[in-house]
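**Q** Pasting the sequence and the predicted model now:
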Amino acid sequence: MNRNTRAVLVQACHNSGAYSTGCAGDKNDFVVEGLFWHAIIHKDFIAHMQYEQPASFPKPDSLSARHSARVGEHLREKIEQSGGQISFAEYMHEALYAPGLGYYSAGSAKFGVDGDFVTAPEVSAVFGKVLARQIAEVLRTIKHGSILEFGAGSGKLAVDVLTALEKMNTLPATYEIVEVSADLQERQGRRLQQSLPHLADRVHWLSELPQDFEGVIVANEVLDSLPVERFVRRESGVFQSCVTFDAARFVWTELPATGLLAATVAEIEADIGSTFPNAYTSEVSLAAPLWVGDLATSLKQGAIFLFDYGVSRREFYAPDRADGWLRCHFRHYAHSDPLIYPGIQDLTSWVDFSAIAGAAVANGLDLLGYQTQSQFFMGGGLELEMQGFNELPVASQIKLSGQIKTLTLPGEMGENFKCIVLSRGDIDTPSAFQFADRTNSL
Ligand SMILES: C[S@@+](CC[C@H](N)C(=O)[O-])C[C@H]1O[C@@H](n2cnc3c(N)ncnc32)[C@H](O)[C@@H]1O
């Protein structure tokens with residue numbers, strides 16, 4: 001199997017009837033490019049683009065609106081070239097990763113208070129510190145083991161994990177990063193150089209997964225950003241949700257589902273033991289099992305920790321989830337319309353963790369555990385990170401308490417976020433998963 005990162009996306013899109021133009025190596029930068037030129041090219045498009053959203057919905061500034069119009073133009077060309085519609089997976093892929101244009105390929109803030117959403121590593125360094133304890137347990141059993149982080153975002157997790165491992169005297173031989181966005185690669189490099197200059201030579205960016213990797217693979221909120229197919233169950237069969245352009249806006253359309261999508265929906269219905277009711281709409285990730293297969297092929301010995309918001313297959317395709325799990329993030333406003341603001345909002349889908357576990361086992365990995373993020377913290381040594389809490393200034397205590405609440409409370413990231421740990425070789429179950437395990441629910 002081709003294990004190039006770009007190929008992961010290309011193949012996923014092929015399988016879903018879409019295609020990709022590739023991602024890595026595209027220096028974006030709508031911030032510095034000629035805005036005047038964009039404005040001329042796109043002024044009609046901007047003027048006619050119509051969105052319906054609640055009055056409370058944040059509006060993009062003029063720079064972002066112009067960029068979105070350019071992405072919209074790109075999508076419209078794709079739709080025309082494809083004869084009038086593209087699959088939702090292709091729409092999502094282009095909106096997120098089109099070279100120089102997509103949400104992740106271009107230079108917007110994305111993470112943190114100035115961006116659109118916050119991830120666990122951005123909430124608190126405690127996430128990286130607790131994860132480092134689990135990583136250290138695995139690294140101690142592997143001679144010269146390395147870490148490979150997939151989709152490293154701002155580079156915050158890499159800094160926190162390396163800092164914690166250095167204190168534990170368990171530094172990895174190398175810290176490899178596979179990152180599809182050239183813009184984010186640059187940001188990660190700057191951050192690591194500023195924060196840990198003495199460790200910078202251990203960090204490398206790979207354009208494809210390594211062969212015979214030994215150590216720990218980590219990915220936080222990567223699964224949810226892989227393009228998903230959307231489908232609708234009708235009495236006459238299963239339909240693939242597609243996107244077309246009509247009267248100055250992107251709109252949904254449908255084609256009969258074929259190939260892998262049709263087969264996968266049939267498999268899901270067999271798994272849950274019933275046919276979806278008429279008009280039931282949901283998502284299926286054809287890319288995620290392939291990606292897990294690629295990780296499995298790469299890993300010779302060690303463990304894989306995957307964090308994301310998700311549920312078991314039964315919960316994912318429950319009767320009350322008749323409109324699926326798509327989630328869009330724009331300026332900290334979460335909503336479910338992926339067809340507005342192309343290129344300037346994050347598009348995600350919750351994860352069917354049963355599919356991840358199934359793909360792992362099918363590719364020869366061991367499933368060591370599955371638990372909530374809250375359980376991961378409780379079993380993974382959070383109390384050890386709290387030592388010295390009482391000696392902190394009150395302001396720091398309040399700040400840290402707030403961060404830990406966000407990471408662990410059920411109504412925040414504690415329950416919806418899960419961690420699954422997979423392995424190959426003689427690897428003990430990490431201590432966090434000995435504390436609690438929900439594998440039986442998958
Ligand atoms: C939601 S962000 C999470 C970033 C970071 N892990 C965090 O927790 O803050 C998703 C990340 O995955 C990257 N990504 C998505 N698909 C990828 C792929 N196929 N290969 C490598 N990186 C990918 C994105 O560019 C981005 O860095």
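**A** Everything's here; your move. The structure displayed is predicted, hence computed values, not measured ones.
**Q** For this structure, which residues are neighbours of the ligand?
**A** Taking Cβ under 6 Å from any ligand atom as the test, the list of the chain residues beside the ligand reads 5, 8-9, 104, 111, 119, 121-122, 150-153, 157, 178-181, 184, 220-222, 225-226. (C-beta placed from N, C-alpha, C; glycine too.)
**Q** so of those residues, which ones are in strands?
**A** F150, V178, N220 (DSSP state E).
**Q** Who are the packing partners of the longest helix that the chain contains?
**A** The single longest helix within the chain, with elements called by DSSP state H, is helix 62-81. Counting contacts by 3 or more Cβ pairs under 8 Å, 6 or more residues apart in numbering; DSSP states H and E, helix 62-81 is packed against helix 35-48, strand 86-87, helix 88-97, strand 237-246.
**Q** Recalculate using a threshold of 7 Å.
**A** helix 35-48, helix 88-97, strand 237-246 (3 or more Cβ pairs under 7 Å, 6 or more residues apart in numbering; DSSP states H and E).
**Q** For that helix, what is the distance to the chain centroid?
**A** In terms of Cα atoms, centre = their mean, to the nearest Å, the centre of helix 62-81 is set 23 Å apart from its chain centre.
**Q** Could you list the buried residues of that helix?
**A** The neighbour-count criterion (16 or more other Cβ atoms under 10 Å) identifies 64-75, 78-79 as the buried residues of helix 62-81.
**Q** What is the end-to-end distance of stretch 136-147?
**A** The first residue of stretch 136-147 is 10 Å away from its last residue (Cα to Cα, to the nearest Å).
**Q** lowest-confidence stretch among the helices and strands packed on helix 62-81?
**A** The stretch with the lowest average pLDDT out of these is helix 35-48, scoring a mean of 33.
**Q** outside of the lengthiest strand in the chain, which residues touch it?
**A** Longest among the strand segments of the chain by residue count, using DSSP E, is strand 299-311. Outside strand 299-311, the residues within contact range by Cβ atoms under 7 Å, 6 or more residues apart in numbering are 120, 131, 134, 138, 142, 145, 212-221, 223-224, 295, 350-353, 356, 368, 373, 416-425, 427.
**Q** hey, where'd the helices end up in the stretch 201-350 of the chain?
**A** 259-272, 287-298, 313-316 (DSSP state H, counting those that start in this stretch).
**Q** Please point out which parts of the shortest one sit buried.
**A** In other words, helix 313-316. R313, E315, F316.
**Q** mean confidence score for it?
**A** So the average pLDDT for helix 313-316 ends up being 97.
**Q** and if you look at stretch 189-204?
**A** Taken as a whole, stretch 189-204 has an average pLDDT of 97.
**Q** Then stretch 140-150?
**A** Per-region confidence: stretch 140-150 scores 96 on mean pLDDT.
**Q** Any idea how far stretch 101-121 is from the middle of the chain?
**A** Mean C-alpha position of stretch 101-121 versus that of the full chain (Cα atoms, centre = their mean) differs by 12 Å.
**Q** And it, what's buried?
**A** 101-108, 110-112, 115-117, 119-121.
**Q** which among the contacts of strand 299-311 end up buried?
**A** Using 16+ other Cβ under 10 Å, the buried members of these are 120, 131, 134, 138, 142, 145, 213-221, 223-224, 295, 350-353, 356, 368, 373, 416-424, 427.
**Q** The residue in the stretch 1-150 of the chain that the ligand sits nearest to and S354, how far apart?
**A** Using Cβ to the nearest ligand atom, T119 is the residue of the stretch 1-150 of the chain that sits closest to the ligand, at 3.4 Å. Using Cβ to Cβ, to the nearest Å, one obtains 23 Å as the distance from T119 to S354.
**Q** just A158 next, same as before
**A** Summarising the geometry, the distance separating A158 from S354, computed by Cβ to Cβ, is 30 Å.
**Q** if you count what's nearby, which of the two comes out ahead?
**A** Looking at A158 and S354 with other Cβ atoms under 10 Å, you find the greater number of neighbours at A158, namely 25 against 21.
**Q** That one touches V178, doesn't it?
**A** No - no contact is recorded between A158 and V178 when judged using Cβ atoms under 7 Å, the distance being 12.0 Å.
**Q** Phi first, then psi, for the residue sitting furthest away from the middle of the chain.
**A** Relative to the centre of the chain, the most outlying C-alpha is that of E391, 37.0 Å out, by Cα atoms, centre = their mean. Summarising the backbone geometry of E391 under the convention degrees, to the nearest 10, its torsions are phi -90, psi -10.
**Q** How confident is the prediction for it, by pLDDT?
**A** Among the per-residue scores, E391 shows a pLDDT of 96.
**Q** list the contacts for A173?
**A** H144, G145, S146.
**Q** 6 Å instead, please
**A** With contacts defined as Cβ atoms under 6 Å, 6 or more residues apart in numbering, A173 is in contact with H144, S146.
**Q** Also K110?
**A** Under the criterion of Cβ under 6 Å, 6+ apart, the contact partners of K110 comprise D116.
**Q** roughly how far apart are it and V351?
**A** Remark: distance between K110 and V351 (Cβ to Cβ) = 20 Å.
**Q** With L171 instead?
**A** Distance from L171 to V351, by Cβ to Cβ: 31 Å.
**Q** Next: I86.
**A** I86 sits at a distance of 23 Å from V351 (criterion: Cβ to Cβ).
**Q** Point out where this structure drops to low pLDDT.
**A** Scanning the chain for pLDDT under 70 picks out the ranges 1-54, 107, 109.
**Q** ok, 50 please
**A** In the predicted model, the chain carries pLDDT under 50 at residues 1-49.
**Q** Nearest to the spatial middle of it, which residue is it?
**A** V222 (2.4 Å).
**Q** Now do the contacts for that one.
**A** F150, G151.
**Q** ok, it to F127 distance?
**A** Between V222 and F127 the distance, using Cβ to Cβ, works out to 15 Å.
**Q** ok, now F213?
**A** Distance, F213 to F127, using Cβ to Cβ: 23 Å.
**Q** Next: S154.
**A** Applying Cβ to Cβ, the value for S154 to F127 is 13 Å.
**Q** ditto for G145
**A** On the measure of Cβ to Cβ, G145 and F127 end up 21 Å apart.
**Q** One more: S181?
**A** With distances taken as Cβ to Cβ, S181 is found 21 Å from F127.
**Q** Equivalent analysis for F231, please.
**A** Following Cβ to Cβ, the distance that separates F231 from F127 is 34 Å.
**Q** chain center to stretch 88-100, what's the gap?
**A** For stretch 88-100, the distance between its averaged C-alpha position and the chain's averaged C-alpha position is 14 Å (Cα atoms, centre = their mean).
**Q** Dump the C-alpha coordinates for it into PDB.
**A** Included here for stretch 88-100 are C-alpha records, laid out as PDB according to Å, rounded to 0.1, in the frame of the first residue of the first chain:
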ATOM      1  CA  PHE A  88     -19.300  15.700   0.100                       C
ATOM      2  CA  ALA A  89     -15.900  14.000   0.900                       C
ATOM      3  CA  GLU A  90     -14.400  15.800  -2.000                       C
ATOM      4  CA  TYR A  91     -16.000  19.100  -1.000                       C
ATOM      5  CA  MET A  92     -14.600  18.600   2.600                       C
ATOM      6  CA  HIS A  93     -11.200  17.700   1.300                       C
ATOM      7  CA  GLU A  94     -11.000  20.700  -1.000                       C
ATOM      8  CA  ALA A  95     -12.400  23.100   1.700                       C
ATOM      9  CA  LEU A  96      -9.800  21.900   4.200                       C
ATOM     10  CA  TYR A  97      -6.800  21.000   2.100                       C
ATOM     11  CA  ALA A  98      -6.800  22.500  -1.400                       C
ATOM     12  CA  PRO A  99      -3.300  23.800  -1.900                       C
ATOM     13  CA  GLY A 100      -2.900  27.400  -0.700                       C
END
